[in-house]
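> how would this look folded up:
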Amino acid sequence: MEVLVLPQGQRLDVPHGENLLTALQQNGVPISYSCMAGRCGTCRCRVVDGDIHEAGGYAFHNADHQPERHVLACQSVVTGACTIEIPEPDEVVVHPARIVKATVTALEDLSHDVRMIRLAPAKPLSFSPGQYAMLQFTPDHIRPYSMARLASDGELEFHVRMVPDGRVTSYIRDTLKAGDTVRVSGPLGTSYLRTRNEDPILCIAGGTGLAPVLSIVRGAIEAGLPNPIHLYFGIRSPRDAYGLHWLDELAQRHPRLRVEVVSTLPGHASDMRSDLRTGLVTEAVAQDFDALGGWRAYLCGAPPMVDAATLLLRDKGVRPEHIYADAFYASGT
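Residues are numbered from 1 along each chain as shown. A predicted model of the protein is given here:
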């Protein structure tokens, strides 16, 4: 049977029941992948037509409510003639998923409810700016968190919001200490920095969604990207702001970086920066831009913010395939 791969237009002879990712790799078709187990979403592709069966039904990868059908190549088999589309073949990243042991080197409170964890991995962990990893503190305390720095930094940094009565965050707050061992699995996620274009970049971060956005901006600076970058950091109230000195430092290093900090609730003059805006972060973006055609956007934060921002950016002209998001889902664990 035949598989037509877009946009390359390559035609492959693939046996019935062949794993799609394996078939693409054997025929030299560029496609991103990592975990090979259906967790990271990196090998997502679009089924234009034909017969592809995806084991497990990974419906969350169609969370953008588009009528198109998407599948994970690593979890799919070819069951008939079909046409698939590989997204951004010139932006392929391959970071084989690894499980590494890491040692806690630092714990620091960044705000009243955000704690930073720094880890020194026993072996290097390769990842792209914007990706995340699964942290296992004990067999009963496991949660995904985004890297805030770069793979080249050597140490891994994570920003954790302390959820009241949260099982994992309570462990981090009350028990975790420097010198403890943490198991790190990754990388995961598709909202990583694309470097092979000069399109303007819009980053919208909510809360600890600032962590992957910091990684993305740091990655853009390290890569020497000339792209203009507009970064919007949305917080609930002025007391929730953190990392502002990092944002100021990055703005000094990248002459085309503009930063806006937006608080949903107003605060007292004594605890507000002079440049702090009030309102929803999506309202600020809507006020600042009439159109965003040709832009690329990275959205990091809670699902309601990501969903609202996605609708806004599409209305402003951002192509759906150029909106990258790994929403943060709250957990009582």
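> and stretch 143-163, which residues are buried?
Along stretch 143-163, these residues count as buried under the neighbour rule (16 or more other CB atoms under 10 Å): 143-151, 156-161, 163. In short, each C-beta sits where N, CA and C put it, glycine included.
> Inside strands: which ones of those?
Secondary structure from DSSP state E places 143-146, 156-161 of these in strands.
> now Arg258, which residues is it bridged with?
Arg258 has these beta-bridge partners by DSSP bridges: His230.
> er, Arg161 actually
Beta-bridge partners of Arg161, as defined by DSSP bridges: Val114.
> quick one, domains of the chain?
2-91, 98-188, 201-325 (automatic domain parsing).
> out of the ones you listed, which comes closest to Thr195?
domain 201-325 (5.2 Å; CB to CB).
> pretty sure Leu107 contacts Leu176?
Yes: contact criterion CB atoms under 8 Å: Leu107 and Leu176 qualify, at 6.6 Å.
> Among those two, which residue is more densely surrounded?
Leu176 (20 against 16; other CB atoms under 10 Å).
> List the contacts of that one.
104, 107, 117, 137 (CB atoms under 8 Å, 6 or more residues apart in numbering).
> same thing with Leu193?
Here Leu193 is in contact with 128-130, 215-216, 219-220, 223, 298 (CB under 8 Å, 6+ apart).
> any chance of the ones in strands among the buried residues of stretch 143-163 in a markdown table, plus pLDDT and distance to Lys123?
Output for these, formatted as a markdown table (pLDDT from 0 to 100; distance: CB to CB, whole Å):
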| residue | pLDDT | distance to Lys123 |
| --- | --- | --- |
| Arg143 | 94 | 22 |
| Pro144 | 94 | 20 |
| Tyr145 | 96 | 19 |
| Ser146 | 96 | 20 |
| Leu156 | 98 | 12 |
| Glu157 | 98 | 17 |
| Phe158 | 98 | 18 |
| His159 | 98 | 23 |
| Val160 | 97 | 23 |
| Arg161 | 96 | 28 |
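> nearest to Asp49, of those residues?
Distances from Asp49 to these, taken by CB to CB, are shortest for Pro144, at 34.0 Å.
> which one among the ones in strands among the buried residues of stretch 143-163 gets closest to Gln26?
Set against Gln26, the nearest of these by CB to CB is Pro144 (31.2 Å).
> At which residues are the helices of this structure located?
20-26, 167-174, 210-222, 244-253, 281-288, 303-315 (DSSP state H).
> and of these, who's closest to His322?
It is, among the helices of the chain and with distance given as CB to CB, helix 303-315, at 8.8 Å.
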